[in-house]
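S.K.: Quick one, structure for this:
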Amino acid sequence: MSEVPSTVAGVAERVQAWWARRQWSKGREVPYAVGAYRDSWAAFPALIRQYHPDLNAGIALSQVPPAADVLLLWQCDSGHRFAATPEEQRQRPGRERRRSAWCPECSEQANPKRAIALPMRESIAAPPVAGNAVLRPRRGAARTPICQKTPDVPVGAAFLSPCAPQPASAVEDRVRADLRQRLLLSDGCNAIRIAKPFFHHLEVWPDIVFPELRIAVEYDSIGRHGLEHVGKREAADRRKDRALRTAGWEVVRLRTGKLEPLGPHDFQLAAWNPAALDRLVEVFRGIRGSLLVDSYLR
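M.R.: Got it, this is the predicted structure:
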């Protein structure tokens, strides 16, 4: 039996890789029997509802040890999908008191973050007094401003934005060019209108935008210093993906190096080549269906 490499310390494995490694280490086809951890999960009925074996290679939740460092896919009652480890899910607050606490997107919608107030000028730092009445600054005067360059288009509409940054890498340009050669899709859009502000904008700028399929593609690498798309940047990526899905779009992230998938359609990429292009088109088919996607093939 060939050797299966162990997990990288501190990085959760995808469920397929984790299951294969356990099969190898235990020397049997089913490392954990169905029901083995039923009692451990019984205290978390919200998680039992959110877990679906068909999203996790057919593995039942009762086959997953609560302490396993494995990245599972979950789907809340509202249909939002997200990736999280058992520990991350079990540590979420609320149990049955607030179902939204078990889904990052529902939780953000239930408790939207307030915009950070800009420092007020010294002249209005203390409210002026007129007689016995205190005159307050008008509501919203000190809130963080939102960029006014976003056009007044419906949420979910794609458009050409002057605020969008230039492509960050040559590989990203190659991915875009190869996809254009394979699929007959319109060009010229680089932004998508969203419902809530994202870093002072009511728009986001995916690396590649396909309005016909309503699919956004992101090419993620760790960068020259190994700090891109990790830590706070990863949290921002998750927020961006939630904003896009709320606007009716789906996101596919091509994750390079040791970057683990963030969403249900992401996959790790060793190198961009014809095989990776074929795989990406298959992901498109899985999202929108072969009938629609194949109608755009060149």
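
S.K.: low-scoring stretches of this protein, by residue?
M.R.: Across the chain, the ranges flagged by pLDDT under 70 are 1-12, 93-102, 109-144, 168, 223-228.

S.K.: Domain parsing of it, as residue ranges.
M.R.: 13-110, 158-294 (automatic domain parsing).

S.K.: Tell me which of those lies nearest to residue 151.
M.R.: Residue 151 sits nearest to domain 158-294 of all the domains of the chain, at 5.9 Å, using CB to CB. Placement of C-beta: from N, CA and C, glycine included.

S.K.: Span of that closest one from start to end?
M.R.: Terminal residues of domain 158-294 lie 22 Å apart, using CA to CA, to the nearest Å.

S.K.: With stretch 288-298 instead?
M.R.: Distance between the boundary residues of stretch 288-298 (CA to CA) amounts to 17 Å.

S.K.: Now that stretch: buried residues?
M.R.: 288, 293, 296 (16 or more other CB atoms under 10 Å).

S.K.: how close does the first one sit to residue 77?
M.R.: Looking back up the chat, that one is residue 288. 24 Å (CB to CB, to the nearest Å).

S.K.: So which of the buried residues of stretch 288-298 are in helices?
M.R.: Under the assignment DSSP state H, these contribute 288, 293 to helices.

S.K.: wait, which of the buried residues of stretch 288-298 is closest to residue 18?
M.R.: Within those, the smallest distance to residue 18 is 28.7 Å, found for residue 288 (CB to CB).

S.K.: Go ahead and confirm that closest one touches residue 215.
M.R.: Yes - the pair residue 288 and residue 215 qualifies as a contact (CB atoms under 8 Å) at a distance of 7.0 Å.

S.K.: which neighbours do these two share?
M.R.: Listed contacts common to residue 288 and residue 215 are residue 250; contacts here mean CB atoms under 8 Å, 6 or more residues apart in numbering.

S.K.: In this structure, mark out all the strands, start to finish.
M.R.: With DSSP state E, the ranges of strands along the chain come out as 13-14, 70-75, 81-84, 129-130, 133-134, 158-159, 191-198, 201-204, 208-210, 215-220, 250-256, 267-269.

S.K.: residues in contact with the longest one?
M.R.: By that I understand strand 191-198. For strand 191-198, the surrounding residues in contact (CB under 8 Å, 6+ apart) are 112, 115, 144, 146, 150-151, 153-161, 163-164, 202-206, 209, 216, 239-240, 243-244, 246-247, 249.

S.K.: Just the angle for that strand relative to strand 215-220, thanks.
M.R.: Interaxial angle, strand 191-198 versus strand 215-220 (axes from the mean of the first three to the mean of the last three CA atoms, to 10 degrees): 70 degrees.

S.K.: for strand 191-198, which positions count as buried?
M.R.: Residues of strand 191-198 classed as buried by neighbour count (16+ other CB under 10 Å): 191, 192, 193, 194, 197, 198.

S.K.: For the fourth one, which non-adjacent residue is closest in space?
M.R.: For residue 194, ignoring the flanking residues on the chain, the nearest one in space by CB to CB, 6 or more residues apart in numbering is residue 243 at 4.4 Å.

S.K.: Ok, the first one next?
M.R.: Leaving aside its sequence neighbours, residue 191 sits nearest to residue 161 (CB to CB, 6+ apart; 3.5 Å).

S.K.: Contact partners for the one you found?
M.R.: Residue 161 touches 149, 150, 190, 191, 203, 205, counting by CB under 8 Å, 6+ apart.
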